[in-house]
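Participant: Next one to model:
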Amino acid sequence: MSGVRILAALRAPVAPRGGALSRLELHELAAPVLRSAVAEAGLTLDEVDELVLGNALGAGGNPGRLVALAAGLPERVAGLTLDRQCCGGLDALVMGAALIAAGQAEVVLAGGVESYSRRPLRLRTDPDGGPARGYDRPPFTPWPALDPEMDAAADALGQEGGISRAAQDFWAIESHRKALCADLSAEIIPLAGLPGDAFTRALSPRLAARAPVLSGSITAANAAVAADGAALCVLVSERVAARLGRQGLCYLGGLTLGGRPYRPGLAPVAAIRTLLDRHGLRAEDLSVAEVMEAYAVQAIACVEGAGLDPEIVNPGGGGLARGHPVGASGAINAVRLFHELRKRGGTGIAAIAAAGGLGTAVLLSS
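Facilitator: As a prediction, this is how the structure comes out:
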């Protein structure tokens, strides 16, 4: 046991790039969620020791500090921003829990925030004095031949694993169906007039079959849409939880492992297996698993590789039904896990992959 409890976990609705949340800055996305999460935990803003946020597209600066100030946290709360691409929001929980376990803090807010809509444009300077050139993403390995575009890497994963487009489309259809059936209102703080996730829809086999192809078997239906969103969890020491008379959920542990950089979608498998082994657990012991669906093929490969029961995976829908606000997606998975475990009880895991071959997993227990 880590001696860390999660007392509250909330998120903003997720909206596609250019949609309902597109006019909000990063701090405007996250600050309302932060204040609501602190209040739900039975704490005041003055009791917060640190804020750790994942963010991938902010192009420098320290969004963690901006959010801390905008939310009204004490000036002494420095705010820390993590950039581990898609893993950042879940890594924030791992780091926040480590601060508490080490005795460096007793109340830490951890999560992620991302605005695809308001991300800065990226330019690379020319050392010879020529005009700067725009680029969409940085390199994720030092070897161009081992740094495929994410769509191409996902397609290759499907080819190697024998995961057909039909299987991927079915997974995507089910993700939307489950999200439509779920009541997610307890975890979402409405923003900009948006009460819930904007992208969720009744995705039919016919619509999935007609989706534009991105690369091979990867289409606009079985790949998550770029999106805006934020999510925060309130982590506290057992002493604080006892003082408040609240149990919350127990944070058992978390870790990030690297894998093959050219097959990033498989990286969570080792993280899931290692984390379960460390705690003497098997996949069969889990009551729920929240696995990021950046691509349907990646989710399928991770579920199969880690030996997870598909029936317990993403019961309220996944990233395919919401969208992918990169640095916030792992934290959104943690929020989903928190609320599913409060309903179901037991032990659950959240996992996510990131470009460069990274995988993060976090284990919680009711």
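Participant: Just the buried residues of the longest helix along the chain, please?
Facilitator: Counting residues, the longest helix found in the chain (DSSP state H) is helix 326-344. Buried residues in helix 326-344, counted by 16 or more other Cβ atoms under 10 Å: 326-341. Backbone N, C-alpha and C define where each C-beta goes, glycine included.
Participant: which one of those residues is nearest residue 90?
Facilitator: residue 330 (2.9 Å; Cβ to Cβ).
Participant: So the nearest residue to residue 224 once chain neighbours are set aside versus residue 40, what's the distance?
Facilitator: Once flanking residues are discounted, residue 224 sits nearest to residue 324: 3.8 Å by Cβ to Cβ, 6 or more residues apart in numbering. Distance, residue 324 to residue 40, using Cβ to Cβ, to the nearest Å: 26 Å.
Participant: what's the answer for residue 292, then?
Facilitator: From residue 292 to residue 40 the distance is 24 Å (Cβ to Cβ).
Participant: Compare these two and say which is more crowded by neighbours.
Facilitator: Between residue 292 and residue 40, residue 292 has the larger neighbour count (other Cβ atoms under 10 Å), namely 31 against 15.
Participant: Contacts only, for that one.
Facilitator: Listed by Cβ atoms under 8 Å, 6 or more residues apart in numbering, the contact partners of residue 292 are 86, 268, 298-299, 318-319, 324, 329-330, 333, 351-353.
Participant: Please flag which of those sit within strands.
Facilitator: 351, 352, 353 (DSSP state E).
Participant: Tell me the pLDDT of the first one.
Facilitator: Going back to what we said before, that points to residue 351. The model reports residue 351 with a pLDDT of 98.
Participant: show me the contacts for it.
Facilitator: Residue 351 neighbours (Cβ under 8 Å, 6+ apart): 90, 268, 271-272, 289-292, 302, 306, 333, 359-362.
Participant: Can you name the two of those that sit furthest apart?
Facilitator: Using Cβ to Cβ, those span at most 15.4 Å, a distance reached by 90 and 306.
Participant: what about residue 344, distance to residue 288?
Facilitator: To residue 288, residue 344 is 6 Å away according to Cβ to Cβ.
Participant: and what of residue 16?
Facilitator: 26 Å.
Participant: of those two, who's got more company?
Facilitator: More crowded of residue 16 and residue 288, by other Cβ under 10 Å: residue 288, with 27 against 22.
Participant: residues contacting the closest residue to the more buried one other than its chain neighbours?
Facilitator: Leaving aside its sequence neighbours, residue 288 sits nearest to residue 348 (Cβ to Cβ, 6+ apart; 4.1 Å). Residues near residue 348 by Cβ under 8 Å, 6+ apart: 286, 287, 288, 289, 290, 337, 340, 341, 363, 364, 365.
Participant: For residue 348, what are phi and psi?
Facilitator: Backbone torsions for residue 348, taken as degrees, to the nearest 10, come to phi -140, psi 170.
Participant: For it, give me the pLDDT.
Facilitator: 98.
Participant: Quickly list what it is bridged to.
Facilitator: Note on residue 348: beta-bridge partners by DSSP bridges are residue 288, residue 364.
Participant: which stretches of the protein form helices?
Facilitator: Going by DSSP H, the chain shows helices at 26-40, 63-71, 88-101, 150-161, 165-181, 205-209, 238-244, 267-278, 296-306, 319-322, 326-344.
Participant: Which of those has the highest mean neighbour count?
Facilitator: helix 319-322 (a mean of 30; mean count of other Cβ atoms under 10 Å).
Participant: Quick check: mean pLDDT of it?
Facilitator: 98.
Participant: what's the neighbour count on residue 121?
Facilitator: Neighbour tally, residue 121, other Cβ under 10 Å: 8.
Participant: OK, contacts around the closest residue to it other than its chain neighbours?
Facilitator: Using Cβ to Cβ, 6+ apart and skipping residues adjacent in sequence, the residue nearest residue 121 is residue 134, 6.4 Å away. Neighbour list for residue 134: 121, 122, 123, 124 [criterion: Cβ under 8 Å, 6+ apart].
Participant: residues contacting residue 68?
Facilitator: With Cβ under 8 Å, 6+ apart, residue 68 has these contacts: 51, 77, 78, 79.
Participant: oh sorry, the question was meant for residue 8
Facilitator: Under the criterion of Cβ under 8 Å, 6+ apart, the neighbours of residue 8 are 37, 38, 40, 41, 233, 234, 248.
Participant: Likewise for residue 237?
Facilitator: Here residue 237 is in contact with 3, 4, 5, 100, 106, 107 (Cβ under 8 Å, 6+ apart).
Participant: Test of understanding: give the bridge partners of the last one.
Facilitator: Spelled out, it's residue 107. residue 236.
Participant: what's the distance between it and residue 8?
Facilitator: Residue 107 is 11 Å from residue 8, by Cβ to Cβ.
Participant: shared neighbours of those two, anything?
Facilitator: Common neighbours of residue 107 and residue 8 (Cβ under 8 Å, 6+ apart) are residue 234.
Participant: In this structure, where is pLDDT below threshold?
Facilitator: For the chain, the stretches flagged by pLDDT under 70 are 1, 59.
Participant: Report the central residue of it.
Facilitator: residue 330 (1.6 Å; Cα atoms, centre = their mean).
Participant: how near is that residue to residue 134?
Facilitator: Distance of residue 330 to residue 134, computed by Cβ to Cβ: 28 Å.
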